[in-house]
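K.L.:
could you look at this predicted model? Sequence included:
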Amino acid sequence: MKLRDLGEFGLIERIKQVVASDSPDVLIGIDDDAAVVRVGRSTLVVTTDAFVEGVHFRFDYFSPFELGWRLMAANLSDLAAMGARPLFAVVDLAVPADADAEEVTDLYYGMREIGARFGVRIVGGDTTSSPGRWFLAVTLLGAADGGRYALRSRARVGDVIAVTGWLGSSRAGLELLTAGGGRHRAEPVLEAHLRPVPRVWEGRFLVQRAGVRAMIDVSDGLSSEVNHLCRLSGVGAVIEAARLPIRPVVRELALSSGHDPFDYALHGGEDFELLFTIPPEKWADLSKRWTRHFEIPLTAIGRIVRPERGIVLLTEQGERELLPGGWQHFRSNTDAPDACELRPGERP
């Protein structure tokens, strides 16, 4: 079977069968935002992300500094989804021999700057030559303080589904950049794509002090993340389109380019926000305390329901199945499922 037929997630399922471990020190393996392992008395969290030129980025709108920033941010977001405290990183780098040394240095400056915000130290890695395109990978190690960490698989029927920050901003920023829009326009969405800020402190707060049940970062798109979380938790979900937090500038940019802003919010991906569930009796208290600690919004967007209800998007016109429509490697990503998209003129 070709990978284009199997898809990214089908491949992951095959890999799981090969590398599954019964070691008591492997607390969480494949299937979450990061692995969790026990080393002596410590509980460590490990994640890795790779970026390939032409797949994840293009240098016509990414500077090396911004690329380094974004690569480190993607890894930090995985640890944020576990509620972990970031510690150390190693970096693998493959670049053409004719690349400028200054570009590589700037790449590391970008990784260092965003990493330092959260206490990360880059302690090593590997460098090698590439026959053409740049290839980058970061492996990040963190700690689950007190042995506490979030998982995708703990959602329960009745839980409130909530999300941090804004949805669709990164997709709007990408559309603006690829269309040749200047960097003076719509600065928040450009920053969301080029220099995203992972929700590390927010994730630690939610795990250590708020009692969240399940959590995942929004990297592949909200529709995909909701499906991942529900599949692993064995539940269904109702998402209310009218509650999705979308910046006014994202709505404006989407509509001006002939796109649906709700498509950006549901399928855009790479927002690096946190999607989580929490018992309803804890939601009101969390909402009040949140504003005392963080400036970004926190929004309840739905609820967890019984699995037979399915995973649905609720609009004024009724409900429809919410299929995963975000990015998936190896497959064509041009034909996202439209079962959850709003039709022209339809309002949430």
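P.N.:
Yep, it's here. Numbers count the residues shown, from 1 in each chain.

K.L.:
was I right to think residue 311 contacts residue 229?
P.N.:
No - using CB atoms under 8 Å, residue 311 is not in contact with residue 229, being 9.5 Å away. All C-beta atoms are positioned from the backbone trio N, CA, C, and that covers glycine.

K.L.:
overlap in contacts of these two?
P.N.:
residue 237 (CB atoms under 8 Å, 6 or more residues apart in numbering).

K.L.:
residue 250 reaches residue 169, doesn't it?
P.N.:
Yes - Residue 250 lies in contact with residue 169 (CB under 8 Å); the separation is 5.7 Å.

K.L.:
the two: who's more crowded?
P.N.:
residue 169 (30 against 27; other CB atoms under 10 Å).

K.L.:
now the more buried one: how far from residue 261?
P.N.:
Going from residue 169 to residue 261 by CB to CB, to the nearest Å gives 11 Å.

K.L.:
quick check: neighbours shared by these two?
P.N.:
By the contact definition CB under 8 Å, 6+ apart, residue 169 and residue 261 are jointly contacted by residue 250.

K.L.:
which elements pack onto the helix or strand containing residue 231?
P.N.:
Per DSSP states H and E, residue 231 falls inside helix 222-233. Applying 3 or more CB pairs under 8 Å, 6 or more residues apart in numbering; DSSP states H and E, one finds that helix 222-233 makes contact with strand 214-218, strand 236-240, helix 261-267, strand 273-278, strand 311-315.

K.L.:
now do the helix ranked longest in the chain: distance to the chain's middle.
P.N.:
If you go by DSSP state H, the chain has its longest helix at helix 64-82. Relative to its chain's centre, helix 64-82 lies at 10 Å (CA atoms, centre = their mean, to the nearest Å).

K.L.:
could you give the angle of that helix to helix 222-233?
P.N.:
Angle of helix 64-82 versus helix 222-233, following axes from the mean of the first three to the mean of the last three CA atoms, to 10 degrees, is 30 degrees.

K.L.:
ok, now which ones touch residue 38?
P.N.:
Residue 38 neighbours (CB under 8 Å, 6+ apart): 24, 25, 27, 44.

K.L.:
all helices of the stretch 1-150 of the chain, in order?
P.N.:
3-19, 64-82, 101-117 (DSSP state H, counting those that start in this stretch).

K.L.:
hey, which of those helices is tucked in deepest?
P.N.:
helix 64-82 (a mean of 26; mean count of other CB atoms under 10 Å).

K.L.:
name the helices or strands packed onto it?
P.N.:
Here helix 64-82 is seen to pack against strand 42-52, strand 85-95, helix 101-117, strand 135-143, helix 187-194, helix 200-205, strand 214-218 when contacts are counted using 3+ CB pairs under 8 Å, 6+ apart.

K.L.:
pull the CA atoms of that helix into PDB?
P.N.:
Written as PDB, here are the backbone C-alpha positions of helix 64-82 (Å, rounded to 0.1, in the frame of the first residue of the first chain):
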ATOM      1  CA  PRO A  64      15.700  31.900   9.200                       C
ATOM      2  CA  PHE A  65      15.100  33.600  12.600                       C
ATOM      3  CA  GLU A  66      11.300  33.100  12.200                       C
ATOM      4  CA  LEU A  67      11.800  29.600  11.000                       C
ATOM      5  CA  GLY A  68      13.800  28.700  14.100                       C
ATOM      6  CA  TRP A  69      11.300  30.400  16.300                       C
ATOM      7  CA  ARG A  70       8.400  28.500  14.800                       C
ATOM      8  CA  LEU A  71      10.200  25.100  14.900                       C
ATOM      9  CA  MET A  72      10.900  25.500  18.600                       C
ATOM     10  CA  ALA A  73       7.300  26.800  19.200                       C
ATOM     11  CA  ALA A  74       5.800  23.700  17.600                       C
ATOM     12  CA  ASN A  75       7.700  21.500  20.000                       C
ATOM     13  CA  LEU A  76       6.900  23.700  23.000                       C
ATOM     14  CA  SER A  77       3.200  23.500  22.100                       C
ATOM     15  CA  ASP A  78       3.300  19.700  22.400                       C
ATOM     16  CA  LEU A  79       4.700  20.000  26.000                       C
ATOM     17  CA  ALA A  80       2.100  22.700  26.700                       C
ATOM     18  CA  ALA A  81      -0.600  20.200  25.800                       C
ATOM     19  CA  MET A  82       0.800  17.800  28.400                       C
END
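
K.L.:
where does residue 185 land on pLDDT?
P.N.:
We note a pLDDT of 51 for residue 185 in this prediction.

K.L.:
same question but for residue 180, I mixed them up
P.N.:
We have a pLDDT of 71 for residue 180.

K.L.:
please tell me how far it sits from residue 170.
P.N.:
18 Å.

K.L.:
so for those two, which residue has more residues nearby?
P.N.:
Neighbours were counted for residue 180 and for residue 170 using other CB under 10 Å; residue 170 has more, 27 against 8.

K.L.:
tell me which element that one falls in.
P.N.:
Going by DSSP H and E, residue 170 is part of helix 169-178.
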